[in-house]
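Student: fold the following for me, if possible:
(one chain, ligands or ions: 2)
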Amino acid sequence: MTLARTRSTGLVGVRGYLVDVEAAITSGTPGLHLVGLPDTALSEARDRVRAAIMHSGEEWPVRHVTVALGPAGLPKSGASFDVAIAVAILAAAGVLPASVCAEPVMIGELGLDGGVRPVPGVLPAVLGAAEAGVRTVVVPRANRPEAELVPGIKVVAVGTLRALLCELRGEPPPLEPEPDDEPPRPPLPGEPSRGRRGALDLADVRGQAEARRALEISAAGGHHLFLAGPPGCGKTMLAERLPGLLPPLDRQTALEATAIHSVAGTLPPGQPLIDRAPFHAPHHSASRSAIVGGGSGRRVRPGAVSLAHGGVLFVDDPRDQVLHTVGVLQGHRPRMGPVYRYA
Ligand SMILES: Nc1ncnc2c1ncn2[C@@H]1O[C@H](COP(=O)(O)OP(=O)(O)OP(=O)(O)O)[C@@H](O)[C@H]1O
Ligand SMILES: [Mg+2]
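Tutor: Ligands and ions are numbered 1, 2, ... in the order given. Have a look, this model is predicted:
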């Protein structure tokens, strides 16, 4: 029997924890057996990993392969264990130096062609790894900026399994096509103007001095704000401009907000750190779980309240249930603070 191990990370809520990934190759019926409470996406790693290893020019061990994810009692979910599973199998097969594979934490989904795809939740995963004393983390190349937000940890970003194998063997990297960087989109005609920081600008609002002042007081003091007035007088327009008045997030809140959006898969491309107040506007008929969040222990789905963490939760023309849910979350009945009425 040959045995090798590496490490990866799982998520409980928006906190990452270390997962040991062990592979054992034994005699017996050829095949890959995955244990450690995997969900469906993780169970399908069997097929992805096998195809990716073969497309990377490596031999698939035609023996009985057991991969164990520990701690065995915690449910694991998602495809982010693929890279660690592939590396553990190749180390157990003796084609990678096992000692080099044991320390780093490896995160990433594999395509059948051996490409390493981005996964949600990289920031909390790397934060969790760094807190546990890990020194090196392997992440998909597309997740590099997010991983590099964590100080004191070496980030190895790879685009393919082949590139990672070269890195682990100490060989020069293969020539890989660089991902295309999307150029910034020019504003469309009639698109609202955005201030220096990219937020919608209060300069677009004509008049409404009283409502603007209410907005400024709300921003300065962090107060809730209820806007009431006739249709078309600019309530939505004003509310959407509140984030532009808010100061940048402090480092701790920025990391918390980024971790939430990373887990939800809503991190804007090209913006690894959410350092401006987020703005989240759920539909007026949103369900309770859309507001407070849902999911399970394996995979949380942050709701509107979490997605607005550190910023503005904008409930436009809400139905009673939405107001009630938000009010209860704020620890009081749905009285949303001072009411500003204006025409
Ligand atoms: N004070 C204003 N300055 C500039 N444009 C305005 C102003 N008020 C309204 N508008 C224009 O009218 C449009 C409609 O305003 P908005 O949707 O904000 O109104 P509302 O009060 O939210 O209405 P409703 O109650 O129907 O939701 C805005 O997109 C904007 O183009
Ligand atoms: Mg409106």
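
Student: OK, contacts around the residue in the stretch 151-300 of the chain positioned nearest to ligand 2?
Tutor: Using CB to the ion, Thr236 is the residue of the stretch 151-300 of the chain that sits closest to ligand 2, at 3.2 Å. All C-beta atoms are positioned from the backbone trio N, CA, C, and that covers glycine. Counting by CB atoms under 8 Å, 6 or more residues apart in numbering, Thr236 touches Asp316.

Student: tell me the pLDDT of it.
Tutor: pLDDT for Thr236: 91.

Student: what residues sit buried inside the helix or strand harbouring His261?
Tutor: Assigned by DSSP states H and E, His261 belongs to helix 251-264. Buried residues in helix 251-264, defined by neighbour count with 16 or more other CB atoms under 10 Å: 253-264.

Student: what does the stretch 201-343 of the chain put close to ligand 1?
Tutor: 205-208, 229, 231-237, 317 (CB under 6 Å from any ligand atom).

Student: adding distance to Asp39 and secondary structure, write those residues out as CSV.
Tutor: Formatted as CSV, these follow (distance: CB to CB, whole Å; DSSP: H, G, I helix; E, B strand; the rest coil):
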residue, distance to Asp39, secondary structure
Val205, 48, coil
Arg206, 53, coil
Gly207, 54, coil
Gln208, 51, coil
Gly229, 48, coil
Pro231, 47, coil
Gly232, 48, coil
Cys233, 49, coil
Gly234, 47, coil
Lys235, 43, helix
Thr236, 40, helix
Met237, 43, helix
Asp317, 38, coil
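
Student: now the helix holding His261, how far from the chain's geometric center?
Tutor: 8 Å (CA atoms, centre = their mean, to the nearest Å).

Student: who are the packing partners of it?
Tutor: Applying 3 or more CB pairs under 8 Å, 6 or more residues apart in numbering; DSSP states H and E, one finds that helix 251-264 contacts helix 122-131, helix 304-307.

Student: rank these by pLDDT, which is bottom?
Tutor: helix 304-307 (a mean of 90).

Student: rewinding a little: got a list of contacts for whichever helix or strand comes after the helix holding His261?
Tutor: For helix 251-264, the succeeding helix or strand toward the C-terminus, using DSSP H and E, is strand 279-280. Identification of contacts with strand 279-280 by CB under 8 Å, 6+ apart yields 240, 242-243, 304, 307-308, 311-314.

Student: closest one of the residues you listed to Gly36?
Tutor: Of all those, Gly36 sits closest to Leu307, with 30.3 Å by CB to CB.

Student: ok, that closest one - how many residues close by?
Tutor: 20 (other CB atoms under 10 Å).

Student: surely it and Ala259 touch.
Tutor: No. Using CB atoms under 8 Å, Leu307 is not in contact with Ala259; the gap is 11.7 Å.

Student: hmm, back to that, what average pLDDT does the helix holding His261 get?
Tutor: On average, helix 251-264 scores 90.

Student: helix, strand or coil for Leu32?
Tutor: strand (DSSP: H, G, I helix; E, B strand; the rest coil).

Student: who does the strand or helix carrying Val19 touch, helix- and strand-wise?
Tutor: Here Val19 is covered by strand 15-26, with elements defined by DSSP H and E. In terms of contacts (3+ CB pairs under 8 Å, 6+ apart), strand 15-26 is packed against strand 2-12, strand 64-70, helix 82-92, helix 122-131.

Student: what strands line up against the shortest one, and which way round?
Tutor: So the one you mean is strand 64-70. strand 15-26 (antiparallel), strand 31-35 (parallel) (DSSP bridges).

Student: chain center to the first one, what's the gap?
Tutor: Which is strand 15-26. 21 Å.

Student: in that strand, what counts as buried?
Tutor: Result for strand 15-26 [16+ other CB under 10 Å]: buried residues 15-25.

Student: do the same with stretch 202-218
Tutor: Buried-residue list, stretch 202-218, by 16+ other CB under 10 Å: 202, 205, 208, 211-212, 214-215, 218.

Student: between the buried residues of strand 15-26, which is nearest Ser289?
Tutor: Arg15 (20.8 Å).

Student: please tell me the pLDDT value assigned to the closest one.
Tutor: 87.

Student: surely it touches Ala129?
Tutor: No. If you go by CB under 8 Å, Arg15 and Ala129 don't touch, sitting 11.3 Å apart.

Student: so, low pLDDT: which residues of the stretch 101-250 of the chain?
Tutor: Along the stretch 101-250 of the chain, the parts satisfying pLDDT under 70 run over 176-198.

Student: if we go to 50?
Tutor: 180-185, 191, 193, 195-196 (pLDDT under 50).

Student: all strands of it, in order?
Tutor: Taking DSSP state E, counting those that start in this stretch, the strands of the stretch 101-250 of the chain run over residues 105-106, 109-110, 116-117, 136-140, 154-158, 226-228.

Student: pick the most buried one from these.
Tutor: Of all the strands of the stretch 101-250 of the chain, strand 105-106 carries the top mean neighbour count, a mean of 27, counting by mean count of other CB atoms under 10 Å.

Student: if anything else comes up later, I'll come back, but that's it for now.
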